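Trainee: Okay, predicted coordinates and the sequence, questions at the end:
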Amino acid sequence: MKKNKFSKNWIIKQKRDIYVKKSKLEGYRSRAIYKLQEINDKFKIIRNNILVVDLGAAPGSWSQYISRNFNNPKIISIDLKDIEPIKNLVHIKGDFNEEHHKKNIQNFFGKKVDLIMSDMAVNTTGNKSIDSLVTGELCIEAMNFAVELLNKKGSFVSKLFMGSSFNEIVALGKKSFKDVNIFKPPSSRKDSKENFIICRNLR
Ligand SMILES: C[S@@+](CC[C@H](N)C(=O)[O-])C[C@H]1O[C@@H](n2cnc3c(N)ncnc32)[C@H](O)[C@@H]1O
């Protein structure tokens, strides 16, 4: 599909989308908020006083959701893009793949954390195999980081696409975590190969 036709279809879909409308009404920065809310409704991974790392956080709706709905969270986020300030959040603008950013995130807490969540995705190319492969690599990086930094009862949530690296990622998750689930939130677009992996309780 040509790029301008692709963008035009995307704009039409956005305008019709009930989650886009709802997020605007409720003051959230992205429709992505409802994916995290639905994940949390099902798996109960967020609580008061939680320590959180938000990977690929911009524009910030996941962090907004936690900051608004739970008492006293402490969140650090990273994204290639900057984000507008959010209460209880410290943001790093940079590439998560760079080691010094990972070190800074670890040093920020100085101890193990409760939740590492990644909604990282590169700009989609329109080629679903390439998109799923690249997002799969980001998911593996995030999972390796989570295994280092999470406390024993911590949770790791990440976007992943159905595709060539899907089985490998699920197997990696099962190696390090006792509970591994794949979930497609109702608000995730039906025509997208997007899913989420929810890993809880380190082995
Ligand atoms: C789908 S958006 C995240 C939406 C976010 N969860 C929210 O609720 O607002 C994906 C983000 O991943 C970021 N991203 C992609 N690769 C990254 C990387 N290597 N390091 C940091 N952020 C990255 C992109 O810049 C983009 O903002």
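Mentor: Received it, and whenever you're ready, just let me know what you need.
Trainee: C-alpha coordinates for the lengthiest helix in the chain, CSV please?
Mentor: Looking across the chain with DSSP state H, the single longest helix is helix 128-149. Taking Å, rounded to 0.1, in the frame of the first residue of the first chain, the C-alpha atoms of helix 128-149 are listed here in CSV:
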residue,chain,number,x,y,z
LYS,A,128,4.0,-7.3,9.0
SER,A,129,6.9,-9.8,9.1
ILE,A,130,9.5,-7.0,9.5
ASP,A,131,7.4,-5.2,12.1
SER,A,132,6.9,-8.3,14.2
LEU,A,133,10.6,-9.2,14.0
VAL,A,134,11.8,-5.8,15.1
THR,A,135,9.2,-5.5,17.9
GLY,A,136,10.2,-9.0,19.0
GLU,A,137,13.8,-7.9,19.4
LEU,A,138,12.7,-5.0,21.6
CYS,A,139,10.6,-7.4,23.6
ILE,A,140,13.6,-9.8,24.2
GLU,A,141,15.8,-6.8,25.3
ALA,A,142,13.1,-5.7,27.7
MET,A,143,12.6,-9.2,29.1
ASN,A,144,16.3,-9.7,29.7
PHE,A,145,16.3,-6.3,31.5
ALA,A,146,13.3,-7.3,33.6
VAL,A,147,14.8,-10.6,34.7
GLU,A,148,17.8,-8.6,36.1
LEU,A,149,15.8,-5.8,37.8
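Trainee: Send over stretch 65-80 as PDB, restricted to the C-alpha atoms.
Mentor: Extracted C-alpha coordinates of stretch 65-80, given in PDB (Å, rounded to 0.1, in the frame of the first residue of the first chain):
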ATOM      1  CA  TYR A  65      -3.100   5.600  34.200                       C
ATOM      2  CA  ILE A  66      -0.800   4.400  37.000                       C
ATOM      3  CA  SER A  67      -0.200   7.900  38.300                       C
ATOM      4  CA  ARG A  68      -3.900   8.800  38.400                       C
ATOM      5  CA  ASN A  69      -5.400   5.600  39.700                       C
ATOM      6  CA  PHE A  70      -2.900   4.300  42.300                       C
ATOM      7  CA  ASN A  71      -1.400   5.900  45.500                       C
ATOM      8  CA  ASN A  72       2.200   6.900  45.600                       C
ATOM      9  CA  PRO A  73       3.700   5.100  42.600                       C
ATOM     10  CA  LYS A  74       7.300   5.700  41.600                       C
ATOM     11  CA  ILE A  75       7.800   5.500  37.800                       C
ATOM     12  CA  ILE A  76      10.700   5.900  35.500                       C
ATOM     13  CA  SER A  77      10.100   6.000  31.800                       C
ATOM     14  CA  ILE A  78      12.200   6.000  28.700                       C
ATOM     15  CA  ASP A  79      11.400   6.800  25.100                       C
ATOM     16  CA  LEU A  80      13.100   8.100  21.900                       C
END
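Trainee: How about that stretch and the ligand, touching?
Mentor: Yes. Judged by Cβ under 6 Å from any ligand atom, stretch 65-80 and the ligand are in contact via 78-80. Every residue, glycine included, has its C-beta placed from N, CA and C.
Trainee: What residues sit buried inside that stretch?
Mentor: Across stretch 65-80, burial judged by 16 or more other Cβ atoms under 10 Å covers 65-67, 70, 73-79.
Trainee: now do stretch 129-146
Mentor: Neighbour-count burial for stretch 129-146 flags 131-132, 134-136, 138-143, 145-146 (criterion: 16+ other Cβ under 10 Å).
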